[in-house]
Structure formats: structure tokens, C-alpha cells
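Asks: Below: sequence and its predicted model.
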Amino acid sequence: MKVNKRGIAAFGTIAVVSTLTLAGCAGGSTGGDSSDGDKGGSTLTVWVDAERVDALKGAAEAYEDKTGVTVKLTGKSVDDMKDDFIQQVPTGKGPDIVMGAHDWLGELSANGVVAPLELGDSSADYLPVALQAATYDGTVYMLPYAVENIAVLRNADLVPEAPTSFDDMVSQGAFVVEQGAEGNPYHLYPFQTAFGAPVFGTDSSGSYDPADLQLGSEGGFAFADWLAAQGKNGTGVLNTDVDGEIAKQQFLDGKAAFWLTGPWNVGAATDAGINVAIDPVPSPTGETASPFAGVKGFFVSAESKNKVAANDFLVNYLGTEDVQLELFKAGNVLPALTAAADTAASDPIIAGFQAVGADAVPMPAIPAMGSVWQFWGVAEAAIINGADPKTTWQKLVDDVTAAIK
């Protein structure tokens, strides 16, 4: 995963839209892609990652059979989808529904291009972290379908049992984590949270509060001291010369027994014949080390002429166990729907990531997070390489505070 990037939200109960009213819904997509052949005279246009179109065909056909509303699945490049959506929605040419990541939400909301989603009682059916991520300023905007987080991959042939702490892990075998010249705070975030230093605090709705920067808390400076102790002038456990490819190769070659990474790298390890076990991130403090969670899902366009149908298709069709498992097969990422996640977790690798994900926190989607990424990794890399932790961390806090203002 490439990062260009705690709080629990409050959720109300909203009635789920009945499918009985949908066949007569007027209009189609924001672009007017109405179909002359559908029974209801309307069309939903859905932009989807091109690799997941096939996983949604069954749901699209079932929805048309039930309601008469045609679902047009359009495969798109994930690299262009967000920007194209933001640009096209105001012109009336965008889709009714777009697939995307939860950390798009701040930008999508700021541009006014997404509509609230009514999950109703089904909100209780999703993994808590998925529901948190789908919520922005107390309102649900996304139908989640997948949850992704990092964990420790352990070579079980080299180390048969999971370590009990960070120090225990390091003492049992080499540990690698992707860093690089500009650092990688995404991968180090679990250790930062173990010091009680989230990036932002939360407001009364449980949403991240950009006015409550927690980087400058006592825990933040304690984490900075710990970083220094693990860096060049300390144990040397953390090394900015180790990028993603080097970390991977050391684990694949058996030179490292532990690798902090995500599910996207499991295939390389198993293909290399490594007996992989998935462990929680071992804490350096005794407190829980909580990684970021990235959640994928579907958004409804604020300019859709068929929001009722769009909401119904998402909640009652894509929010089913069968469809979420189809999406899981297409991407091998833990489903967001609890029932589907539990089914997928019959695979011990998936079960391991699910267990770690229970302690994960959503990556902040608020626009202020961009100001954090700008300075965060560079500061951490400097500390790892011997810079004074207190003054370097204080500069990080000052730079982020100024950028947010």
C-alpha cells in the first residue's frame, strides 16, 4: 500500500428504503444515462475498480430483475476515479455511485459531491472500524465493503510462538519494517498509538477534530524518544535505508523473522514457501498498538437523480454477505460486513488480520490530515537518523499546526 496518508462515531437508526417504490423512480444517473429498455425507465451508473466489475455483475442483474432499474457497471482506473468523480459530478455527467476509499471523504465532502447514506438497522451488521470510517461529521456517507490494516508477519518456522512485547520480538529475531529516506509514519503508527499519541482527538460525535492535534501531547514526545532509541544511535532496529523492497527481501530470504506489513504482501511470502503466521503489533509500552485501518466502499453522488435506488442497491444488495464475499474473492481483503468477514476468516491468514483489525483505528479522512503527512515522515526519519527527538518533534507539531491554520 502506498500512503499519499481514535474515535468512535455515534450512529442513529434510519429507515431502510423499500424496493417497492423503486420501479417508478424518475431519472437515471447524473449524466442522464437512462435506458429505454428497463422496466422502470431508470438507470444507475456505477463506477467500479476495473478488477471488481465481475464481482458485482450478479448483484446488478438481481437488482434489475427485482426492481426494473438497470445497473450499468463501468470499470475505471483507481488512479483516476476520485478526481474524475469530483470534476464530473457538478457538471451532471458523473455516475450515481462510485467505488472508493474512506479517506477520500474529506475531499469529497468539501467539494459537495457525495450524499448521505441511509444504512438503517443494517449499520449494526458491519465491523465497528468500517462503520467509523464510513462516517464523517456524524453522518454515514459510504457503504463499506473491505477493511485493510497492517500486522506482523512471522516466520513460524523460525519463531514458533508470537512475541509478548516489542522487546521480546526483537530479542527473538530480526524485525523489518518499511521506512525509506522520508520515513513511513503509516507503518510506525501502531507504536505511536501505544504511547497514547493519536494524530487527532475526537469531537462529541466521535469524528476526528482538526482543532485537537494530539501529536504534541506528552505521549507524542515519549514516542519521539522511543524512535530515537530504536534508530541509528540506539539499537538500530529502525533504519531509513530499509525501504519496502529491502524489507520484503530480508523476510523472504529468512534473514528477518518478523515483518510489519499488510495483506498485500502475504502472497509473496507464501509463494516463497514461508510458513506465515499473523500476529498483533507488539507494543513497546504494554498499551495496545493500534494500526490505521483503510476502508473501501461505495459513495452516492450528491447530484444523482436516483438517490433512492442508489441507496437501496448499496444497502440491500451490495451490503449482503454473498456480494461482499464476491468482492473478497476479487481482492482478498477482509470484508466489512461482519458475517462475511467471519466466513472469510476460515482462512487463518485472514483471521489474523481480522483480529489485529479489531484494534485498528480509521485513517483520518479530514482535510487537515494532508498537513500532517507533509511533515510527519520527514520528522520521524530525522529522529531515527540521530536528530534530537524533542526539538525535531516540536518542529513537526509547530509545522503541522501552522499548516492547518
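Replies: Received it, and whenever you're ready, just let me know what you need.
Asks: Please report how far the nearest residue to K255 once chain neighbours are set aside lies from T288.
Replies: Spatial nearest neighbour of K255, chain neighbours left out: A174 (6.1 Å); criterion: Cβ to Cβ, 6 or more residues apart in numbering. (C-beta placed from N, C-alpha, C; glycine too.) Counting by Cβ to Cβ, to the nearest Å, the gap between A174 and T288 amounts to 24 Å.
Asks: Equivalent analysis for I366, please.
Replies: I366 sits 23 Å away from T288, taking Cβ to Cβ as the criterion.
Asks: Between those two, point out the one with more neighbours.
Replies: Of the pair I366 and T288, I366 is the one with more neighbours under other Cβ atoms under 10 Å, namely 23 against 14.
Asks: Report the contact partners of that one.
Replies: Remark: with contacts taken as Cβ atoms under 8 Å, 6 or more residues apart in numbering, I366 is in contact with G106, F200, S207, Y208, P210.
Asks: Run a quick neighbour tally on the first one.
Replies: Taking other Cβ under 10 Å as the neighbour definition, G106 ends up with a count of 20.
Asks: what residues are up against it?
Replies: Remark: with contacts taken as Cβ under 8 Å, 6+ apart, G106 is in contact with Y136, P364, A365, I366, P367, M369.
Asks: my guess is the last one meets D209, correct?
Replies: This means M369. No - because the distance of 11.9 Å does not satisfy Cβ atoms under 8 Å, M369 is recorded as not touching D209.
Asks: On the pLDDT front, check the residue nearest to K255 for me.
Replies: At A174 the predicted local distance difference test score is 95.
Asks: sorry, back to before: which members of the contacts of I366 are classed as buried?
Replies: Neighbour counting over those (16 or more other Cβ atoms under 10 Å) leaves G106, F200, S207, Y208, P210 as the buried ones.
Asks: where does A60 land in three-state SS?
Replies: At A60, secondary structure determined by DSSP: H, G, I helix; E, B strand; the rest coil is helix.
Asks: burial measure for it, as a count.
Replies: Residue neighbour count, defined by other Cβ under 10 Å, stands at 22 for A60.
Asks: What pLDDT does the model give it?
Replies: A60 is assigned a pLDDT of 97 by the prediction.
Asks: ok, it - contacts?
Replies: For A60, the contacting residues are V46, V71, L73, taking Cβ under 8 Å, 6+ apart as the criterion.
Asks: next one: phi and psi at the second one?
Replies: Looking back up the chat, that one is V71. Backbone torsions for V71, taken as degrees, to the nearest 10, come to phi -110, psi 110.
Asks: For A115, see how far away it is.
Replies: 18 Å.
Asks: Tell me which of M369 and D209 has more neighbours.
Replies: Between M369 and D209, M369 has the larger neighbour count (other Cβ under 10 Å), namely 21 against 18.
Asks: mind checking the SS state of G216?
Replies: Recorded secondary structure, G216: coil (three-state DSSP).
Asks: thought it was touching K395?
Replies: No - contact criterion Cβ under 8 Å: G216 and K395 do not qualify, at 10.9 Å.
Asks: which is the next helix or strand following the strand or helix carrying F299?
Replies: When elements are assigned from DSSP states H and E, F299 belongs to strand 292-301. Sequence order places helix 307-313 as the next helix or strand after strand 292-301, per DSSP H and E.
Asks: and the helix or strand following that following helix, how far out from the chain's middle?
Replies: Note on helix 307-313: by DSSP H and E, the next helix or strand toward the C-terminus is helix 321-331. The gap between where helix 321-331 is centred and where its chain is centred comes out at 17 Å by Cα atoms, centre = their mean, to the nearest Å.
Asks: what does the next helix or strand after helix 321-331 rub up against?
Replies: Read in the C-terminal direction, the helix or strand following helix 321-331 is helix 338-344, with elements assigned using DSSP H and E. Contact partners of helix 338-344, identified using Cβ under 8 Å, 6+ apart, comprise D125, Y126, L127, V147, E321, Q324, L325, F328, L334, P335, I350, Q354.
Asks: so how far is A247 from the residue most central in space within the chain?
Replies: For the chain, the residue nearest the mean C-alpha position is G294 (0.6 Å; Cα atoms, centre = their mean). Distance from G294 to A247, counting by Cβ to Cβ: 19 Å.
Asks: Could you do A124 as well?
Replies: Using Cβ to Cβ, A124 is found at 39 Å from A247.
Asks: Now do the closest residue to the residue nearest to the centre of the chain other than its chain neighbours: how many residues are near it, please.
Replies: Using Cβ to Cβ, 6+ apart and skipping the chain neighbours, the partner closest in space to G294 is E148 (4.7 Å). E148 is flanked by 22 other residues according to other Cβ under 10 Å.
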